[in-house]
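> Mind folding the following:
(one chain, ligands or ions: 2)
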Amino acid sequence: MDVRGSQECTEVSMASWNYASDITEKHRKVKAAAQLKYAAWQKEAWESVRKWSGKWETLSDPFLRRQFKFMSILGTAALPKQDLEKYNNLVTEMSTLYSTAKICEYKNPKNCKLELEPDLTRILRSSRDYGELEHVRKMWRHQTGRRIRDHYKLFVKLANKAAKLNGFDNMGDMWLYPYESDVFRSDLAELWKQLMPLYQQLHAYVRRKLRENYGEEHVSRRGPIPAHLLGNMWAQNWGEVYDLVIPYPGKVSVDVTPQMVAQGYTPERMFELSEAFFVSLNLTRMPEEFWQHSIIEKPQGRDLVCHASAWDFCNGKDFRIKQCTDVTMNDLITVHHEMGHIEYFLKYKDLPEVFRSGANPGFHEAVGDVLALSVATPKHLHEIGLLEEVQDDPEADINFLLSMALDKITFLPFGYLMDLWRWDVFSGKTSEQDWNCAWWDLRYKLQGIKPPVQRSEYDFDPGAKYHIAGNVPYIRYFVSFVIQFQFHKALCMKAGEYDPLDPSKPLHKCDIYKSTEAGNALGDMLQMGSSKEWPEAMAALTGTRRMDASVIREYFKPLELWLTDNNEQHRESIGWETDEVLCTS
Ligand SMILES: C[C@H](NC(=O)O)C(=O)O
Ligand SMILES: [Zn+2]
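Numbers count the residues shown, from 1 in each chain. Ligands and ions are numbered 1, 2, ... in the order given. Below you'll find the predicted structure:
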């Protein structure tokens, strides 16, 4: 049944790639037709599997049983043709509106060509003008969320119809199927409960530093932080305001963006640097086709989906990244993230097609980030010439850990709430007239942030984020940000870079570069694809079968102690409160 990566899969991937990298009506038509053809092929394959239902469950070979289990879920191809065509068009239209959105410049309303990448990303990273930041955030939401709210209404209806045709109550349940656990949601709630205290300490510290920078009239002592001051369009990580919050200024800065620019780094060099790290671990070099067909710089003169992505063309040969790479440290980390996907594709390409995916979607998001945890260390940045010296003192350590926390800890509540909101929308717990205010309830409750201007139900702020417009599930990133530290710890032990009993080898200083023991262990887990249940893949690499928040807390322990002490010294209140109405329904 399972062919070497069906021709239909290659065809629909190619048509989707052509559209995503060059948004034209012609490419859209070809993609829509290929999607319907692929769905017809999937439905045919599913029909022949269904003939076995009631029999395959008793097959003695677990490998075969698992293949049938996965093939018995058809997905959205179960929709009647017209519904599927409508569903596909809605998703394509929403992600196109998002990817082609442009806004006018704050100080020059005649220039209305500003795009998210790189224009708005750069402004949000570098501007400290309160009014400009507020303008950029508000106008982006007018051009994206507001314009797709109606699409989203019909999308939710069709998505739930498809879920029901697959035997699920709603699409939120269908999205959780690959995690193969009926306690998964409560496991996630437990992880967040364990991590929230650290987040709240970091939030209190950053709020104080931003208050000192912008003044108490903009950043109150006890209230939520205005979202547009956090350096990122969605306030999903705060690394870009590192310069405003550095605990010990005057130390060597771990943000090596200036060094990368000064040394004439190009996107090509960033990709070669990333590949060199993977190869140093005895992992796989990028194939020739990768370098021929990938898009690693934003092409001029055409619209495309700039959000970075990694592509598997189902033929065991053709794998690509599409990324509008900017020469920044943030994008160097993203390059590793995307190349981690390619490594996974390469490692499981000879498995039956149904097993060519991550042990669960969180695993796929974690691979590249694990390597980036080593790359980001001052020791590694020094080794590759991006940091002039390594200062091995407690203050430099706190600076480094804070920069890592601004990316990894600040992300956790956002990574969790994105699908908390969507699960409630799919299940109907959040009704359509409350969509936007339910979003802000979660943004306030979990992240302790607020919108710069009051929101209403004319807005659709979730739609201002790629993964909602483009219909990409998001809990995979929350899972990744927890398990990538478990993987990091296991690999660091294999590399001899971390010893729980040796204080001179703390987890946050580990760099697995050139360790083939670590690389082989990681490669062995990647080779499993989704042929085994994810706790088995987790145990193969880390020795434990569960997601475990204690590892990320161990990594940040020195910082957590420092933050708690620093907040006490400044008598900062931990947490947030407000009587402001953030959103009117
Ligand atoms: C964290 C997630 N990463 C990704 O899409 O690759 C994001 O960018 O929102
Ligand atoms: Zn990813």
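
> how about the residues of the stretch 251-400 of the chain near ligand 1?
Proximity of the stretch 251-400 of the chain to ligand 1 (Cβ under 6 Å from any ligand atom) is limited to residues 308, 337. From N, CA and C alone the C-beta is placed, and that goes for glycine too.

> all helices of the stretch 251-400 of the chain, in order?
257-262, 267-280, 288-293, 329-348, 361-375, 378-383, 394-408 (DSSP state H, counting those that start in this stretch).

> got it, and the stretch 451-585 of the chain?
So, for the stretch 451-585 of the chain - with DSSP H, counting those that start in this stretch - the helices run 466-469, 475-494, 516-527, 534-542, 550-555, 557-569.

> and the last one, which residues are buried?
Which is helix 557-569. For helix 557-569, the neighbour count (16 or more other Cβ atoms under 10 Å) marks 557-560, 562-564, 566-567 as buried.

> Now distance to ligand 1 too, for those, in JSON lines please.
Compiled in JSON lines, these are given as follows (distance: Cβ to the nearest ligand atom, whole Å):
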{"residue": "K557", "distance to ligand 1": "24"}
{"residue": "P558", "distance to ligand 1": "25"}
{"residue": "L559", "distance to ligand 1": "21"}
{"residue": "E560", "distance to ligand 1": "23"}
{"residue": "W562", "distance to ligand 1": "26"}
{"residue": "L563", "distance to ligand 1": "23"}
{"residue": "T564", "distance to ligand 1": "27"}
{"residue": "N566", "distance to ligand 1": "28"}
{"residue": "N567", "distance to ligand 1": "27"}
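
> sorry, back to before: okay, the helices of the stretch 451-585 of the chain in CSV with mean pLDDT next?
Shown next, in CSV, are the helices of the stretch 451-585 of the chain (pLDDT from 0 to 100):
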stretch, mean pLDDT
helix 466-469, 98
helix 475-494, 98
helix 516-527, 98
helix 534-542, 98
helix 550-555, 98
helix 557-569, 98
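
> Is it possible to get CSV of those that adds distance to E365?
Shown next, in CSV, are the helices of the stretch 451-585 of the chain (distance: least, Cβ to Cβ, whole Å):
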stretch, distance to E365
helix 466-469, 12
helix 475-494, 4
helix 516-527, 13
helix 534-542, 13
helix 550-555, 15
helix 557-569, 23
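
> can you list the residues of the stretch 101-250 of the chain near ligand 1?
Residues of the stretch 101-250 of the chain found near ligand 1 (Cβ under 6 Å from any ligand atom) are Q236.

> give the contact list for whichever residue of the stretch 101-250 of the chain sits closest to ligand 1.
The minimum distance from the stretch 101-250 of the chain to ligand 1, using Cβ to the nearest ligand atom, falls at Q236 (6.0 Å). By Cβ atoms under 8 Å, 6 or more residues apart in numbering, the residues touching Q236 are 410-411, 414-415.

> ok, and the helix or strand in the protein with the lowest average confidence?
Every helix and strand of the chain was ranked by mean pLDDT, DSSP states H and E. The lowest is helix 62-71, at a mean of 93.

> Show me which parts of that helix are buried, residue by residue.
Of all the residues in helix 62-71, those buried under the rule 16+ other Cβ under 10 Å are 66-68, 70-71.

> For those residues, give me CSV that also has distance to ligand 1.
Supplementary listing: those in CSV, determined by distance: Cβ to the nearest ligand atom, whole Å:
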residue, distance to ligand 1
R66, 28
Q67, 29
F68, 32
F70, 24
M71, 28
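
> okay, now whatever residue of the stretch 401-550 of the chain ends up closest to ligand 1: neighbour count?
Nearest residue of the stretch 401-550 of the chain to ligand 1, counting by Cβ to the nearest ligand atom: Y477, 4.4 Å away. Y477 has 23 neighbours, counted by other Cβ atoms under 10 Å.

> ok, it - contacts?
Neighbouring residues of Y477 by Cβ under 8 Å, 6+ apart: 362, 365, 411, 415, 418.

> can you do 7 Å?
365, 415 (Cβ atoms under 7 Å, 6 or more residues apart in numbering).

> Please identify the residues of the stretch 451-585 of the chain in proximity to ligand 1?
Going by Cβ under 6 Å from any ligand atom, the residues of the stretch 451-585 of the chain near ligand 1 are Y477.

> ok, the closest residue to G385 other than its chain neighbours to ligand 1 distance?
Of all residues not flanking G385 in the chain, Q263 sits nearest, at 7.3 Å (Cβ to Cβ, 6 or more residues apart in numbering). Going from Q263 to ligand 1 by Cβ to the nearest ligand atom, to the nearest Å gives 26 Å.

> and Q263, what pLDDT?
pLDDT, Q263: 98.

> So which of the contacts of Q236 belong to helices?
411, 414-415 (DSSP state H).

> Which of those residues ranks first by neighbour count?
Ranking those using other Cβ under 10 Å puts G415 first, with 25 neighbours.

> That one reaches R476, doesn't it?
No. Counting by Cβ atoms under 7 Å, G415 does not reach R476; the two are 8.7 Å apart.

> can you map out the helices along the stretch 51-200 of the chain?
According to DSSP H, counting those that start in this stretch, the helices that the stretch 51-200 of the chain contains are 62-71, 81-99, 121-126, 130-143, 145-165, 171-176, 184-214.

> and those helices, which is most packed in?
Among those, ranked by average contacts under mean count of other Cβ atoms under 10 Å, first place goes to helix 171-176 (a mean of 22).

> Now find how far off-centre that helix is within its chain.
Here the centre of helix 171-176 is set off from its chain's centre by 18 Å, with Cα atoms, centre = their mean, to the nearest Å.

> List the contacts of L563.
So L563 contacts 201-202, 205 (Cβ under 7 Å, 6+ apart).

> quick check, L244 in a helix?
Yes. The assignment for L244 by DSSP: H, G, I helix; E, B strand; the rest coil puts it in a helix.

> Give me the residues contacting stretch 411-422.
With Cβ under 7 Å, 6+ apart, stretch 411-422 has contacts from 172, 188, 192, 195, 199, 234, 236-237, 438-439, 442-443, 446-447, 462, 467, 473-475, 477-478, 481.

> ugh, wrong one, stretch 60-79
So stretch 60-79 is contacted by 2, 39, 42-43, 45-46, 49, 52-53, 56-57, 59, 84, 87, 158, 161-162, 165-166, 177, 352, 354, 531 (Cβ under 7 Å, 6+ apart).

> And the pLDDT at W56?
89.

> What is the burial count for it?
W56 has 18 nearby residues by other Cβ under 10 Å.

> which residue packs closest to it, ignoring adjacent ones?
That would be F68: by Cβ to Cβ, 6+ apart, it lies 3.7 Å from W56.

> Report the separation between that neighbour and S456.
For F68, the distance to S456 equals 49 Å [Cβ to Cβ, to the nearest Å].

> likewise Q292?
For Q292 relative to S456 (Cβ to Cβ), the value is 49 Å.

> what about stretch 259-274, how long is it end to end?
17 Å (Cα to Cα, to the nearest Å).

> ok, residues contacting stretch 140-149?
For stretch 140-149, using Cβ under 7 Å, 6+ apart, the contacting residues are 94, 97-98, 101-103, 120, 233, 458-464, 469.

> With stretch 181-198 instead?
Contact with stretch 181-198 is made by 176, 409, 412, 416, 475, 478, 482, 547, 549, 553, 556, 560, as judged by Cβ under 7 Å, 6+ apart.

> Any idea how many residues pack against the fifth one?
Look at I475: counted by other Cβ under 10 Å, it has 25 neighbours.

> show me what contacts it?
188, 419.

> picking up where we left off before, what values do phi and psi take at the residue of the stretch 101-250 of the chain closest to ligand 1?
phi -80, psi -20 (degrees, to the nearest 10).

> how about CSV for the contacts of stretch 181-198, with distance to E580 added?
As requested, these are arranged in CSV below (distance: Cβ to Cβ, whole Å):
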residue, distance to E580
L176, 34
I409, 25
L412, 24
Y416, 23
I475, 29
F478, 27
V482, 32
M547, 35
A549, 32
R553, 32
F556, 31
E560, 29
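
> Out of these, which is nearest to R28?
Closest approach to R28 among the contacts of stretch 181-198 (Cβ to Cβ): I475, at 29.3 Å.
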